[in-house]
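Enquirer: here is a sequence with its predicted model. Questions after.
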Amino acid sequence: MGDVIHTLPALTDARQADPSIVFDWVVEEGFSAIPNWHPAVERVIPIAIRRWRKHLQDATTWREWRQYRQELRALNYDAIIDAQGLVKSAFFATRQARGPHFGFDWHSAREPLASLCYDRRLRVVWGQHAVERTRQLFAQALGYRLPDQSGDFGLQQRFPWQRNSQKVVCLHATTRADKHYPEEYWRDVLQRLGAAGFQVQLPWGLKREQQRAQRLAEGLGHVEVLPRLGLTQVAEVLAGARGVIAVDTGLAHLTAALGVPNLMLFGPTDPALVGGYGERQCWLEARQFTAPEGSVVEPEVFRSLTPERVWQRWLQLLEESQ
């Protein structure tokens, strides 16, 4: 999800440079709602690599592949850009479409072998936020000057932020176990939010995430475990919140794209490369603090990022966002 969201500002740049430009977007089927939110996208072409690879023996898989490839090759494109720089995106999407192929060069791509699939290989230096790397890739591929201002995701008109809300969304779910903020720390933060008069909402997507949300909410009347929601519904929930406290997860990047105040909690990953991008975004990185003696939490990487530190930064974010 993060890769999809991080690409949106590049489309805004391109539309600013050429108001007539339109994009077709190949995207994993589970995230197909996101490109439809951007005004420069004309057609979304879902791909189901994650599902197909689990059912390679099924005739339905190969029928869907043929239909996907037929739809992708229905037009001749002026430019085909691989924004991910991965072998799977280069082969299953970029190379299947008709037209000149652009992508990161060997030294710039996340997976250098992907660069062999492109007609034009473009150098974009590392050490930058993913949004800026993608913006630079598109500017080079399409031949326009990159705007001086920060990237614009192009979503805030569709999902306007309700700044006077007393709701707070806590994004507790992520893919890697070592990126989860400890549950005992979450419970402390949730209790502080309740004492300050906030109503808390806990989204989830998988059964184990629902179970975690239920454990976090147990006995706390101000905490609501939401029903399972689609991406558009989640975006509406996020836009309706006073702010969000989140682990490093795709929905945190969606929060950033909506311009909602967002405090991200980082353990093993680097916020300089994948932190919240844009206005009202901040983060805390566990490695920047000293862990209190005698404390034991799981995952251990978050031991130093205590609820008190999270709470003080949260109050500061709210004040900055007024």
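Expert: Great, that's in hand.
Enquirer: contacts, neighbours, all on C-alpha from now
Expert: Noted.
Enquirer: please save the CA atoms from the helix or strand containing Arg135 in PDB.
Expert: Taking DSSP states H and E as the criterion, Arg135 maps to helix 130-142. Below are the C-alpha coordinates for helix 130-142, written out as PDB (Å, rounded to 0.1, in the frame of the first residue of the first chain):
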ATOM      1  CA  ALA A 130      10.200   7.300  -1.300                       C
ATOM      2  CA  VAL A 131       7.800  10.100  -2.400                       C
ATOM      3  CA  GLU A 132      10.700  12.300  -3.700                       C
ATOM      4  CA  ARG A 133      12.400   9.400  -5.500                       C
ATOM      5  CA  THR A 134       9.200   8.600  -7.300                       C
ATOM      6  CA  ARG A 135       8.600  12.300  -8.200                       C
ATOM      7  CA  GLN A 136      12.000  12.600  -9.700                       C
ATOM      8  CA  LEU A 137      11.600   9.400 -11.700                       C
ATOM      9  CA  PHE A 138       8.300  10.600 -13.300                       C
ATOM     10  CA  ALA A 139       9.800  14.100 -14.000                       C
ATOM     11  CA  GLN A 140      12.700  12.500 -15.900                       C
ATOM     12  CA  ALA A 141      10.500  10.000 -17.700                       C
ATOM     13  CA  LEU A 142       8.000  12.600 -18.900                       C
END
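Enquirer: what about the next helix or strand after that helix, distance to the chain center?
Expert: Next along the chain after helix 130-142, taking DSSP H and E as the criterion, comes strand 167-171. Offset of strand 167-171 from its chain centre (Cα atoms, centre = their mean, to the nearest Å): 16 Å.
Enquirer: hmm, who's touching strand 167-171?
Expert: 198-203, 237-238, 240-247, 249, 251-252 (Cα atoms under 8 Å, 6 or more residues apart in numbering).
Enquirer: give me the mean pLDDT for it.
Expert: When pLDDT is averaged along strand 167-171, the result is 98.
Enquirer: direction included, what does that strand pair up with?
Expert: Partners of strand 167-171 in the sheet, by DSSP bridges, are strand 199-202 (parallel), strand 243-247 (parallel).
Enquirer: just the residues contacting the shortest one, thanks.
Expert: Looking back up the chat, that one is strand 199-202. For strand 199-202, contacts defined as Cα under 8 Å, 6+ apart pick out 166-172, 190, 193-194, 213, 222-226.
Enquirer: mind doing that once more with 7 Å?
Expert: Applying Cα atoms under 7 Å, 6 or more residues apart in numbering, the set of residues contacting strand 199-202 from outside is Gln166, Lys167, Val168, Val169, Cys170, Leu171, Ala213, His222, Val223, Glu224, Val225, Leu226.
Enquirer: need the residues you listed in a markdown table (columns: neighbour count).
Expert: Conversion of these to a markdown table gives the following (neighbours: other Cα atoms under 10 Å):
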| residue | neighbour count |
| --- | --- |
| Gln166 | 15 |
| Lys167 | 23 |
| Val168 | 24 |
| Val169 | 25 |
| Cys170 | 24 |
| Leu171 | 25 |
| Ala213 | 24 |
| His222 | 17 |
| Val223 | 25 |
| Glu224 | 18 |
| Val225 | 19 |
| Leu226 | 16 |
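Enquirer: nearest to Asp3, of those?
Expert: Checking those against Asp3 with Cα to Cα, the nearest one is Leu171 at 18.1 Å.
Enquirer: quick one: the strands in the chain?
Expert: 23-28, 41-47, 80-81, 101-104, 120-122, 167-171, 199-202, 223-225, 243-247, 262-266, 281-285 (DSSP state E).
Enquirer: JSON lines for those strands, including distance to Ala10?
Expert: JSON lines is the format used below for these (distance: least, Cα to Cα, whole Å):
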{"stretch": "strand 23-28", "distance to Ala10": "11"}
{"stretch": "strand 41-47", "distance to Ala10": "12"}
{"stretch": "strand 80-81", "distance to Ala10": "11"}
{"stretch": "strand 101-104", "distance to Ala10": "14"}
{"stretch": "strand 120-122", "distance to Ala10": "15"}
{"stretch": "strand 167-171", "distance to Ala10": "26"}
{"stretch": "strand 199-202", "distance to Ala10": "31"}
{"stretch": "strand 223-225", "distance to Ala10": "35"}
{"stretch": "strand 243-247", "distance to Ala10": "25"}
{"stretch": "strand 262-266", "distance to Ala10": "22"}
{"stretch": "strand 281-285", "distance to Ala10": "19"}
